[in-house]
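Asks: fold the following, please.
(one chain, ligands or ions: 2)
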Amino acid sequence: MAIERTFSIVKPDATRRNLTGAVCAKLEEAGLRIVAQKRIQMTRENAETFYAVHKERPFFGELVDFMISGPVVVQVLEGENAILKNREVMGATNPADADEGTIRKEFAESIEANSVHGSDSPENAAIEIAYFFSGSEIVG
Ligand code: ADP
Ligand code: MG
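Replies: Ligands and ions are numbered 1, 2, ... in the order given. I've put the predicted structure just below:
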């Protein structure tokens, strides 16, 4: 197994409800280390660029509005198999389908306001990390 880095977002529904620490505790309990973190207000351009892969989907406009509706916490997580491990602790996109104990099962409000983002591949992890962090901001 390899030590990987993945990109994570604590989404506006979670920061609004003061759940940043609760989400981070779940990540750390799963063995992921938060090696970079900052609270930011995404611009519309940030959100449209970040979710460009979904721009043809019917929910794209609402998703962008949601992602800029309040602050988010962007993070780099590090650990063995971090990309898959984070997807496991996040749970399914739709909280109705998420396993017990996952972040989305416990905290998500809906399929859209689902509390967290996590990269889905090594390639996307590298792109997403580089979009939000410079190398000197990541301290492993
Ligand atoms: P994931 O975040 O689990 O990787 P996707 O990449 O498919 O899921 O979707 C990105 C985000 O778009 C989701 O986390 C969620 O916030 C939103 N989303 C996905 N599907 C829907 C949907 N059917 N309706 C509204 N929002 C959605
Ligand atoms: Mg995705």
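Asks: quick one, strands of the protein?
Replies: 3-10, 33-40, 72-80, 116-118 (DSSP state E).
Asks: next, the buried residues of the second one.
Replies: Same thing as strand 33-40. The neighbour-count check on strand 33-40 (16 or more other Cβ atoms under 10 Å) flags 35-37 as buried. (Glycine included, C-beta is placed from N, CA and C.)
Asks: can you redo these as CSV with distance to ligand 1 and pLDDT?
Replies: Output for those, formatted as CSV (distance: Cβ to the nearest ligand atom, whole Å; pLDDT from 0 to 100):
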residue, distance to ligand 1, pLDDT
35, 21, 98
36, 20, 99
37, 19, 98
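Asks: looking at the residues you listed, which is nearest residue 15?
Replies: residue 37 (12.4 Å; Cβ to Cβ).
Asks: reformat the strands of the chain as a markdown table; add distance to residue 17.
Replies: Formatted as a markdown table, the strands of the chain follow (distance: least, Cβ to Cβ, whole Å):
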| stretch | distance to residue 17 |
| --- | --- |
| strand 3-10 | 11 |
| strand 33-40 | 15 |
| strand 72-80 | 13 |
| strand 116-118 | 13 |
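Asks: of those strands, which is nearest residue 23?
Replies: strand 3-10 (5.1 Å).
Asks: from the contact counts, what lies against the closest one?
Replies: Packing partners of strand 3-10 (3 or more Cβ pairs under 8 Å, 6 or more residues apart in numbering; DSSP states H and E): helix 20-29, strand 72-80, helix 82-90, strand 116-118, helix 122-132.
Asks: is it anywhere near ligand 1?
Replies: No. Judged by Cβ under 6 Å from any ligand atom, strand 3-10 and ligand 1 are separated, with a smallest distance of 9.2 Å.
Asks: which positions within that strand qualify as buried?
Replies: 4-10.
Asks: need those residues in CSV with pLDDT, can you?
Replies: CSV is the format used below for the buried residues of strand 3-10 (pLDDT from 0 to 100):
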residue, pLDDT
4, 98
5, 98
6, 98
7, 98
8, 99
9, 99
10, 99
